[in-house]
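1. structure, please.
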Amino acid sequence: MTVQDVRSFNRFYTNVIGALDYGRRLYAPYTLTESRVLYELAHAPRTDAADLRTQLHLDAGYLTRILNKFEEDGLVERGPSDTDPRRRRITLTAPGREAAALLDERARDTVGAMLDTVRAEDRLRLAEAMRTVRTILGDGDGDGDGDGDGDGDRGAPPPEDVVLREPAPGDLGWIVQRNAALYAAEYGFDGDYEALVARIVADYAEDHDPRLERTWIAELDGRPVGCVMCVRDDTPGTARLRLLLVEPDARGLRIGDRLVGALVDFAREAGYREVVLWTNDILGAARRIYQRHGFVLVAEKPHHSFGQDLTGQDWRLDLHATPE
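-> The predicted structure is shown next:
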């Protein structure tokens with residue numbers, strides 16, 4: 001491959017994108033940058049101005065002018081962050097969510113019209129080719145260090161590409177199947193682990209309180225690529241994090257961070273005092289995510305489970321603690 005090959009592809013792809021969504025109709029009455037801010041707020045509903053500047057690579061003054069305009073138009077509300085009073089939390093109002101939904105609908109319709117011109121047998125090849133480009137140019141795991149823990153973000157898709165949503169029919173079964181398959185392939189876990197996951201999911205499906213318990217599915221390119229569950233613990237006032245998982249080809253995109261962050265926000269709003277979890281020391285990438293969100297290791301104990309000699313770990317997050 002030569003530099004000219006890449007430049008030629010860039011010209012072709014720019015023309016495709018220009019034909020798709022850079023027309024005034026798609027974004028009206030907003031500019032492209034304003035639409036990007038609305039997209040980000042819609043898909044990360046609890047964020048602050050500093051996060052937006054970093055994620056969208058915007059000048060601080062430019063972003064402030066956009067947010068001022070949105071606030072005047074009744075699209076956003078600003079207030080102190082729950083975790084850091086020095087930061088300003090930005091949330092969409094009901095009219096803001098409606099505006100973001102309209103822009104999203106227009107974008108989906110436009111891309112859908114393009115895909116209608118692609119033969120059904122070619123769509124899978126197209127999706128795989130797009131993932132290949134993103135993976136290779138993003139150093140495989142997306143963060144450049146090869147460990148898949150997502151502590152970098154090179155090669156990450158735009159924020160609107162990864163959506164956190166509630167489970168659809170079949171998703172709970174997917175959680176069981178993917179946990180069993182991935183832990184068998186990566187850590188040699190036997191059928192006992194699949195049985196444990198099936199019991200956890202079945203208990204949730206049969207009897208859960210949506211005010212206090214929730215499951216998130218991370219979706220990328222129309223397919224589930226991650227999950228996490230928040231359930232009530234036996235200890236009053238305590239939530240338990242369970243079954244955090246990210247598909248191997250989606251690691252490095254900070255999906256695990258987003259899933260855990262969504263769970264912590266939900267637990268805090270639901271009135272829990274703390275979140276606890278049990279994991280094993282071999283799950284290094286997951287443990288680093290927990291640490292970034294303030295979880296503290298409180299106990300360790302060797303055990304033999306799932307056909308392996310393991311060291312179990314109990315982690316705890318105090319939701320009332322003052323953030324450092």
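2. next secondary structure after the helix-or-strand element of the chain with minimal mean pLDDT?
-> Within the chain, confidence by mean pLDDT, DSSP states H and E is lowest for helix 24-27 among all helices and strands, at a mean of 58. Sequence-wise, the next helix or strand downstream of helix 24-27 (DSSP states H and E) is helix 32-43.
3. the helix or strand that that next one is followed by packs against which elements?
-> Sequence order places strand 47-48 as the next helix or strand after helix 32-43, per DSSP H and E. When contacts are defined as 3 or more CB pairs under 8 Å, 6 or more residues apart in numbering; DSSP states H and E, strand 47-48 packs onto strand 88-92. Quick note: C-beta positions are derived from backbone N, CA and C, even for glycine.
4. buried residues, the helix or strand following the strand it packs on. List them.
-> Sequence-wise, the next helix or strand beyond strand 88-92 is helix 94-115, with elements assigned using DSSP H and E. Within helix 94-115, the residues scored as buried using 16 or more other CB atoms under 10 Å are 96-97, 99-100, 103-104, 106-107.
5. which stretches of the stretch 51-200 of the chain form helices?
-> 60-72, 94-115, 120-137, 171-187, 191-206 (DSSP state H, counting those that start in this stretch).
6. just so I know, which of the ones you listed lies nearest Leu32?
-> When those are compared by CB to CB, helix 94-115 sits nearest Leu32, at 10.5 Å.
7. which helices and strands does that closest one pack with?
-> Checking 3+ CB pairs under 8 Å, 6+ apart, helix 94-115 ends up next to helix 3-21, helix 24-27, helix 32-43.
8. now do that helix: distance to the chain's middle.
-> 20 Å (CA atoms, centre = their mean, to the nearest Å).
9. quick one: it to helix 32-43, angle?
-> Angle of helix 94-115 versus helix 32-43, following axes from the mean of the first three to the mean of the last three CA atoms, to 10 degrees, is 110 degrees.
10. now helix 94-115: average pLDDT?
-> The pLDDT scores in helix 94-115 average 83.
11. okay, the angle between that helix and helix 60-72?
-> Using the same axes, to 10 degrees: helix 94-115 against helix 60-72 is 110 degrees.
12. in PDB, list the C-alpha atoms belonging to helix 94-115.
-> Extracted in PDB, the C-alpha atoms of helix 94-115 (Å, rounded to 0.1, in the frame of the first residue of the first chain):
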ATOM      1  CA  ALA A  94     -37.300  17.000  26.800                       C
ATOM      2  CA  PRO A  95     -37.100  19.400  23.800                       C
ATOM      3  CA  GLY A  96     -33.400  18.700  23.600                       C
ATOM      4  CA  ARG A  97     -34.100  14.900  23.400                       C
ATOM      5  CA  GLU A  98     -36.700  15.500  20.800                       C
ATOM      6  CA  ALA A  99     -34.200  17.500  18.700                       C
ATOM      7  CA  ALA A 100     -31.500  14.900  19.000                       C
ATOM      8  CA  ALA A 101     -34.000  12.100  18.100                       C
ATOM      9  CA  LEU A 102     -35.100  14.000  15.000                       C
ATOM     10  CA  LEU A 103     -31.400  14.300  13.900                       C
ATOM     11  CA  ASP A 104     -30.800  10.700  14.600                       C
ATOM     12  CA  GLU A 105     -33.900   9.700  12.600                       C
ATOM     13  CA  ARG A 106     -32.700  11.700   9.600                       C
ATOM     14  CA  ALA A 107     -29.300  10.200   9.800                       C
ATOM     15  CA  ARG A 108     -30.700   6.600  10.000                       C
ATOM     16  CA  ASP A 109     -33.000   7.300   7.100                       C
ATOM     17  CA  THR A 110     -30.200   8.700   4.900                       C
ATOM     18  CA  VAL A 111     -27.800   5.800   5.700                       C
ATOM     19  CA  GLY A 112     -30.600   3.300   5.300                       C
ATOM     20  CA  ALA A 113     -31.300   4.700   1.800                       C
ATOM     21  CA  MET A 114     -27.700   4.100   0.900                       C
ATOM     22  CA  LEU A 115     -27.700   0.600   2.300                       C
END
